[in-house]
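can you look at this prediction? I've put the sequence above it.
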Amino acid sequence: MAETHVLFVEDDDVIREATQLALERDGFRVTAMPDGLSGLDSFRARRPDIALLDVMLPGMDGVSLCRRIRDESTVPVIMLSARADSIDVVLGLEAGADDYVTKPFDGSVLMARIRAVLRRFGHAGGGEAGDGPADGGLLVFGDLEVDTEGMEVRRGGAPVALTPTEMRLLLEFSSAPGTVLSRDKLLERVWDYGWGGDTRVVDVHVQRLRAKIGQDRIETVRGFGYKLRGQGG
């Protein structure tokens, strides 16, 4: 089985070297870069399986780097932020990041988060590719079609490009149309959080999904969560 290749972009020498060693001890192959520009060059040259990006980077900040990567690829991205309540967290998620980890972080927490993301993406370093919530077939919700076997989405007959995390989120909604799913339940099912997490991750991904499949397709149920409007919605 091939090693999972991690691109790690961090300007702090101590954090970069220590984290690289920890990742390598855990069986990952790591390319570590000290700034955003070299990180982008490395991404394009090496095409890693997952990218870990610090928010604050010289040359090109992590949010801009994430946006550039997302323009070219659906590779999973985890942002590293020094503050849990920072606006940078939301900016990173809006730029296309799949998750974030707050610094200083415990090595086991980072490893668990990486493996959870890889499982969602069906990578060999994570879990099985076919463990989505739907049983297969074509689901239709108004002008939205979800092919749960081919993992394709069409809106008005035109293909919709979703990241694997967005696809997992849509599969959760489409497996139970009209049913309210709480943010905590979505964190558990989509992000593999076995404990409480930051619900902003859910909110931003729902916003991104709405922008692609229709703003009115996913309804907010205040105080409870979200639900997908049914076939007639």
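Nice, I can see it. Remember, it's a predicted structure, so these values are computed and weren't measured experimentally. Numbering: from 1, shown residues only.

going forward, measure contacts and count neighbours with C-alpha atoms only.
Fine.

check contacts around Glu24.
Contacts for Glu24 were tallied using CA atoms under 8 Å, 6 or more residues apart in numbering; they are Val30.

backbone dihedrals for it, please?
Main-chain dihedrals, Glu24, degrees, to the nearest 10: phi -70, psi -40.

grab the most central residue of this structure for me.
Asp98 (1.9 Å; CA atoms, centre = their mean).

list the contacts for that residue?
The contact partners of Asp98, taken as CA under 8 Å, 6+ apart, are 76-78, 117, 165, 201.

need the max-distance pair from the residues you listed.
Greatest spatial distance in the contacts of Asp98: Pro76 and Val201, 14.2 Å, computed using CA to CA.

in terms of neighbours, single out the busier of those two.
Using other CA atoms under 10 Å, the more surrounded residue of Pro76 and Val201 is Pro76, with 25 against 21.

in this protein, which spans are strands?
Applying DSSP state E to the chain gives strands spanning 5-9, 29-33, 50-54, 77-81, 99-102, 138-141, 144-147, 152-155, 158-160, 218-221, 225-228.

so which of those is the most surrounded?
Across the strands of the chain, averaging neighbours per residue (mean count of other CA atoms under 10 Å) puts strand 50-54 on top, at a mean of 26.

can you name every helix or strand that it contacts?
Strand 50-54 sits against strand 5-9, helix 62-72, strand 77-81, with contacts defined as 3 or more CA pairs under 8 Å, 6 or more residues apart in numbering; DSSP states H and E.

the second one - contacts with which helices or strands?
What it means is helix 62-72. Using 3+ CA pairs under 8 Å, 6+ apart, helix 62-72 sits against helix 36-46, strand 50-54, helix 87-94.

closest to Gly27 out of these?
Closest to Gly27 of the helices and strands packed on helix 62-72 is strand 50-54 (CA to CA; 13.9 Å).

quick one: mean pLDDT over that closest one.
The predicted model assigns strand 50-54 a mean pLDDT of 96.

just want the angle from that strand to strand 29-33.
30 degrees (axes from the mean of the first three to the mean of the last three CA atoms, to 10 degrees).

can you give the strand pairings for strand 50-54, parallel or anti for each?
Partners of strand 50-54 in the sheet, by DSSP bridges, are strand 5-9 (parallel), strand 77-81 (parallel).

can I get the ones you listed in CSV with mean pLDDT and distance to Thr31?
Shown next, in CSV, are these (pLDDT from 0 to 100; distance: least, CA to CA, whole Å):
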stretch, mean pLDDT, distance to Thr31
strand 5-9, 97, 5
strand 77-81, 93, 14
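
now those in JSON lines, with distance to Phe43?
Output for these, formatted as JSON lines (distance: least, CA to CA, whole Å):
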{"stretch": "strand 5-9", "distance to Phe43": "7"}
{"stretch": "strand 77-81", "distance to Phe43": "12"}
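
and of those, who's closest to Leu57?
So among the strands paired with strand 50-54, strand 5-9 is nearest, using CA to CA, at 8.1 Å.

which residues touch that closest one?
Residues beyond strand 5-9 that count as contacts (CA under 8 Å, 6+ apart) turn out to be 16, 20, 28-36, 39, 42-43, 48-54.

so what's Pro34 closest to, chain neighbours aside?
Using CA to CA, 6 or more residues apart in numbering and skipping residues adjacent in sequence, the residue nearest Pro34 is Asp11, 4.3 Å away.

so how far is Gly59 from the one you found?
Computed as CA to CA, to the nearest Å, the Asp11 to Gly59 distance reads 10 Å.

can you check which residues contact both of the two?
Contact criterion CA under 8 Å, 6+ apart; residues shared by Asp11 and Gly59: Asp35.
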